[in-house]
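Peer 1: pasting the sequence and the predicted coordinates here, then a few questions.
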Amino acid sequence: MARSNLSRLPGLDTLRALAIVAVMLYHLEGYLPSSIVPVAQFGWMGVDLFFVLSGYLIGSQLLKPYASGDRPSIWSFYRRRAYRILPAYLVVLWLYLAFPAWHESPVLPPVWQFLTFTVNLFFVDFSQHAFSHVWSLCVEEHFYLVLPLLVIWLMRRPSLRKTVFIVGGVILFGICFRGYMLLPLIAPARWSGREVPDGFGTFYYRYLYYPTYSRLDGLVVGVTLALVRIFRSGWWSWLLRRGNAALIFGIALTGAVCWMFRNDGMGDATKIAAWGTVVGYPLLAVGLGLLVVSSVSNDGWLSRFSVPGSRLLATLAFSLYLTHKEIAHLDRRYLPSLTASPDWKTVVIYAVTCLLAAGLLYVLVERPFMVLRDRYERRVAEKVDAEMLHEPAL
């Protein structure tokens, strides 16, 4: 049986902490010791873990009222999301606009793209793009905008067949879209009739990695878990009784996706990555979804142990996400003697300064606005710091 209070689940804290550490390692890979690089190169998967967690947690929030014959307030949902996301995000955006030294890259896209969360939908040279990591927050915001409307529509006439059709359709669309875009790489040119333009990396990020419509797999898998939890209690109980098996299979499937995205230095590495892009994202989402199941199961190693520091990292995850690239840039600029070499001393400097900056943003901005939100809604809520642990980190 699942524990009722998500804030008490150390497994979810562990997954959030793992996700933000993975993202930070990936973004700072070029400045880390060589021993970390083999792990850091797969740190992009931390974003996919955030997507699965968000799908599960937000889906649970929206669907739970229906289990008791009620329905969620869409405006209340949007308001709560605004209090959660906008204050810290706008403060960091202001720092980009007010202080050029804050820029970790030379070019800042138009401000209106940041204010409308459309940065990921317009082409820019991401190698020169400041605040580029906000692309995943854009995906999350599009998800927050659409999911409540979709839930309300579906729940007017609930149907398992209709739900399966939509979930499967979204996953299948992503596979077909990515396959079509990458057909020149995974099939002979005479079959596809198209060529990938010069600069595969730019093509990949522009059309496949950043756009919302290509990156919905993790969110859909998370929402599917929420659907099973709320409306198929027998299925959910069956999953929760197999927490350790879910952990093992989740790790195995995630490892298989790492193999699919490997770069072994051979000439067909790009083709391998292309095949991984087509089918790897949904497989990764399923693998990470199994880890989420294990994290909320009483019968799972992941849910039984609290990893030291995971609660702190989980609480600060959003602030760390917003600021870590900029703080590392400031470290290299103003502490050159301490960060000149990619060694463990540099790792410690990055870790300490990023945590301090994130803690400052959390204490001065994130948390006060969550308290303000609760006062506005006149509700007696859980302690804000505890509640943050069962809120999506992005």
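Peer 2: Perfect, I can see it now.

Peer 1: okay but Gly289 is in contact with Gly222, surely?
Peer 2: Yes: if you go by Cβ atoms under 8 Å, Gly289 and Gly222 touch, sitting 6.7 Å apart. In short, each C-beta sits where N, CA and C put it, glycine included.

Peer 1: show the subsequent helix or strand relative to the helix or strand where Gly280 lies.
Peer 2: Element membership of Gly280, judged by DSSP states H and E, is helix 269-295. Under the assignment DSSP H and E, the closest C-terminal helix or strand after helix 269-295 is helix 301-304.

Peer 1: next, the buried residues of that next one.
Peer 2: Neighbour-count burial for helix 301-304 flags Leu302, Ser303 (criterion: 16 or more other Cβ atoms under 10 Å).

Peer 1: what about the nearest residue to Ala67 once chain neighbours are set aside, neighbour count?
Peer 2: Closest residue in space to Ala67, ignoring its immediate chain neighbours: Ile230 at 5.2 Å, by Cβ to Cβ, 6 or more residues apart in numbering. For Ile230, the neighbour count with other Cβ atoms under 10 Å is 17.

Peer 1: same deal with Ala101?
Peer 2: 10.

Peer 1: could you do Arg375 as well?
Peer 2: When neighbours are counted by other Cβ under 10 Å, Arg375 comes out with 10.

Peer 1: against Ser76, how distant is it?
Peer 2: 15 Å (Cβ to Cβ, to the nearest Å).

Peer 1: tell me the pLDDT at Gly255?
Peer 2: The model reports Gly255 with a pLDDT of 94.

Peer 1: so what does the helix holding Gly280 touch, helix or strand wise?
Peer 2: helix 10-27, helix 45-67, helix 160-181, helix 183-186, helix 217-231, helix 243-260, helix 301-304 (3 or more Cβ pairs under 8 Å, 6 or more residues apart in numbering; DSSP states H and E).

Peer 1: among those helices, which is nearest Cys354?
Peer 2: Among the helices and strands packed on helix 269-295, the nearest to Cys354 by Cβ to Cβ is helix 10-27 (7.0 Å).

Peer 1: pull out the buried positions in the very next helix or strand once past that closest one.
Peer 2: Note on helix 10-27: by DSSP H and E, the next helix or strand toward the C-terminus is helix 37-40. Going by neighbour count (16+ other Cβ under 10 Å), the buried part of helix 37-40 is Ala40.

Peer 1: now do stretch 296-316
Peer 2: Val296, Ser297, Asp299, Gly300, Leu302, Ser303, Ser310, Arg311, Leu313, Ala314, Thr315, Leu316.

Peer 1: how far does that stretch sit from the chain's center?
Peer 2: 18 Å (Cα atoms, centre = their mean, to the nearest Å).

Peer 1: likewise stretch 349-356?
Peer 2: With Cα atoms, centre = their mean, you get 21 Å for stretch 349-356.

Peer 1: which residues does it contact?
Peer 2: 24, 28, 31, 312, 316, 320, 323-324, 327-328, 330-331, 335, 338-339 (Cβ atoms under 8 Å, 6 or more residues apart in numbering).

Peer 1: keeping just the C-alphas, turn that stretch into PDB.
Peer 2: Presented in PDB, the C-alpha positions along stretch 349-356 are these (Å, rounded to 0.1, in the frame of the first residue of the first chain):
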ATOM      1  CA  ILE A 349      34.100  25.100  -5.300                       C
ATOM      2  CA  TYR A 350      31.300  24.700  -7.700                       C
ATOM      3  CA  ALA A 351      29.300  22.600  -5.300                       C
ATOM      4  CA  VAL A 352      29.600  25.100  -2.400                       C
ATOM      5  CA  THR A 353      29.000  28.300  -4.400                       C
ATOM      6  CA  CYS A 354      26.000  26.800  -6.300                       C
ATOM      7  CA  LEU A 355      24.400  25.600  -3.100                       C
ATOM      8  CA  LEU A 356      24.900  28.900  -1.400                       C
END
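
Peer 1: that'll do, ta.
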